[in-house]
Structure formats: C-alpha cells, structure tokens
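In: quick one, what's the 3D model for this:
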Amino acid sequence: MRGSDYAELKAFATVVAHGNFARAADDLRISASTLSQMIRQLEARLGLRLLNRTTRSLSLTEAGARLHARFAPAMAEMEAALGDAAALRDTPAGILRVHMPSVAAATYLEPVLGRFYQTWPDIVLDVTIDDAAIDSVEAGYDVSARLGEFLEADMVAVPLGGAQRQLAVASPDYIARHGSPSAPADLLQHRCINWRRPGSAGLYTWEFARGGQWFSVAVDGPLVVSSRDMAVAAAVQGVGIAFWAEELVRPLIDAGKLVSLLDEWCATFPGWFLSYQKQRHTPPTVRAFVDFLRHAHAGQTRSGG
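Out: Down below sits the predicted model:
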C-alpha cells in the first residue's frame with residue numbers, strides 16, 4: 001500500500017465517521033476541497049463510486065459500505081498500534097484538540113496556559129471555545145469540558161474544580177426601582193435577562209432547589225442573549241436580573257455593583273469535568289493535559305459554571 005493509498009482510505013473513513021465533509025476536513029486538518037479531491041482520487045483508482053453526495057445528504061453506496069466494513073476495523077487497529085508506540089515517548093508531543101465552553105476555558109485554562117507550556121512545550125493545543133452542546137467524539141475532539149449533568153456514560157470523566165452554583169443577581173439601582181424577589185416564583189413579576197445556549201432554539205430555564213428538590217422557572221424580560229457575560233453586564237447596568245456562576249459574579253457583588261438574590265434557593269451541583277474517550281491506552285497528550293489541569297486546580301471546592 002502506497003502512502004497516498006492509506007491517506008485516501010483514512011479520508012474516506014473519516015468522512016463516513018462524521019457524515020459530513022466539512023467536519024471530516026476539520027478533523028483531518030485539511031480543506032474541504034482537498035478532502036473532496038482525495039475521495040475522487042480513491043473512487044477513480046478503484047473505478048467505483050463510494051459515496052452518494054448531494055448538497056444536503058451523504059450516504060454510502062453498496063461498494064462504499066463493503067469497503068468501509070472491511071477497512072474501518074483495520075484502520076482502528078493501526079491507529080491503536082501507532083498510539084501504543086507513541087505512548088513510549090518520554091515527552092508528550094503533538095496536537096491535542098480540546099472543546100471547552102467559555103466559562104470553563106476562562107476559569108480553568110486561560111489562567112494556567114503559561115505554566116502548561118512551561119511544563120509541556122511540545123504539545124500543540126487546538127482549543128475551540130464553544131457553548132453549544134456537541135458530541136465531542138463525533139466532532140473529533142480529544143478532550144472536552146462538561147458539566148456533571150451532561151457527562152456520557154461511555155466516557156472517562158475527571159472532576160475539575162468541585163461543585164458549583166449559580167446566583168440570581170441585580171444591580172442596587174434595579175432593586176431600588178423594582179424591589180427584590182423573595183422566592184423564585186416572584187421572578188415571574190420581574191424583568192429577567194434570558195440566556196439561549198448557542199445551537200439551541202429554547203431559552204434556559206433558571207434552576208433552583210429547596211429541601212433537596214430541584215425545579216425550574218421560565219422567566220421573562222427585556223433581553224435575550226447567547227453570551228452570559230453580556231447578561232451580567234446588562235444586570236450591572238440595571239436592565240434586569242441575571243442568573244450566572246457564583247465565581248464570576250462574586251467580584252461584582254463584593255464591589256457593590258450587583259446584589260445576590262434568592263441565596264437560600266441557589267444550591268450547589270456537580271461542576272466541571274474533563275471528559276475523554278475510553279481507550280486501551282490513553283494518548284500521552286491527553287494524559288498530560290488532564291493531569292496538569294487536575295493538579296493545577298486541586299483543592300478548589302467551588303467554581304463557575
């Protein structure tokens with residue numbers, strides 16, 4: 001097998017795995033046009049069409065399905081063999097693709113980037129900051145940061161930073177004009193700042209707890225944002241009540257710019273975890289990254305979420 005043969009077959013398997021040329025090209029770190037050309041070259045060399053492609057769909061032909069069924073397991077075994085060999089390196093090196101929601105990146109990664117590269121100078125971090133809910137394995141990420149409630153059962157999960165909670169906050173000016181809610185139900189009579197998770201059509205419903213029982217309140221108000229940082233900035237300016245991570249609003253509370261509301265209803269819940277796929281041998285770059293962040297934030301009992 002020539003080197004180009006394997007590259008074309010790997011490109012084909014990656015397209016099938018993602019079901020999408022753009023995501024597969026991103027995973028392979030090549031352009032979509034280059035990937036398309038590789039697939040055409042493979043089909044021309046075999047004299048067979050492997051994929052049915054339209055502007056909206058992608059499917060395997062019978063020949064493509066047969067080829068993938070035979071080649072994909074062999075490719076997985078070859079990749080595992082390469083991983084086993086790489087695990088013998090003394091110093092982890094190479095590209096590590098990481099997916100992190102904005103608050104996890106700001107809280108856990110940004111403050112320690114300098115220390116990380118002093119420790120592991122040969123690792124190239126390719127970090128995507130994205131608040132959308134994704135399938136990290138399907139999207140080609142090696143490690144992702146996830147809240148405990150969103151962990152998948154078939155993934156390795158390493159706790160990062162301990163429990164967290166969210167607080168309802170408003171400016172002193174807003175409270176002077178509109179008063180304070182005494183219970184979550186009172187929020188229905190207030191101007192609240194809504195948050196929509198990127199990639200989601202619905203609005204986030206604010207979550208509270210009493211006596212160990214969790215419940216949600218669908219609030220309403222003058223502003224809907226996809227950035228919770230903007231929600232907090234709007235709250236500081238008196239637009240309404242925001243709901244966000246305690247660690248991120250605490251400095252503003254201490255500075256007198258915001259007032260914490262409904263504290264007794266704001267309970268802690270499992271915080272952030274680093275999540276990665278179970279494998280026979282964990283890649284050295286994954287192990288180095290996870291261990292570094294875990295030790296860098298050891299001892300924290302509460303963090304933003």
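In: domain map for this structure?
Out: Listed domain ranges for the chain are 3-79, 94-156+272-296, 166-265 (source: automatic domain parsing).
In: dump the ones you listed to JSON lines, plus mean neighbour count.
Out: For the C-beta atoms, the positions are set from N, CA and C on the backbone; glycine is no exception. Below are these laid out as JSON lines (neighbours: other C-beta atoms under 10 Å):
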{"stretch": "domain 3-79", "mean neighbour count": "15"}
{"stretch": "domain 94-156+272-296", "mean neighbour count": "17"}
{"stretch": "domain 166-265", "mean neighbour count": "17"}
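In: can you redo these as a markdown table with mean pLDDT?
Out: Output for the domains of the chain, formatted as a markdown table (pLDDT from 0 to 100):
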| stretch | mean pLDDT |
| --- | --- |
| domain 3-79 | 86 |
| domain 94-156+272-296 | 88 |
| domain 166-265 | 93 |
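In: and V143, how close does it get to S102?
Out: To S102, V143 is 16 Å away according to C-beta to C-beta, to the nearest Å.
In: before we move on, what about L167?
Out: Per C-beta to C-beta, L167 is found 18 Å from S102.
In: could you do E264 as well?
Out: Going from E264 to S102 by C-beta to C-beta gives 28 Å.
In: kindly report the same for F289.
Out: For F289, the distance to S102 (C-beta to C-beta) stands at 19 Å.
In: contacting residues around the nearest residue to V219 once chain neighbours are set aside?
Out: Closest residue to V219 apart from its sequence neighbours, by C-beta to C-beta, 6 or more residues apart in numbering: C192 at 3.6 Å. Each residue near C192 by C-beta atoms under 8 Å, 6 or more residues apart in numbering is listed here: W206, V219, D220, G221, G240, I241, A242, F243.
In: let me know whether the first one touches P184 as I believe.
Out: Translated: W206. Yes - using C-beta atoms under 8 Å, W206 is in contact with P184, at 7.2 Å.
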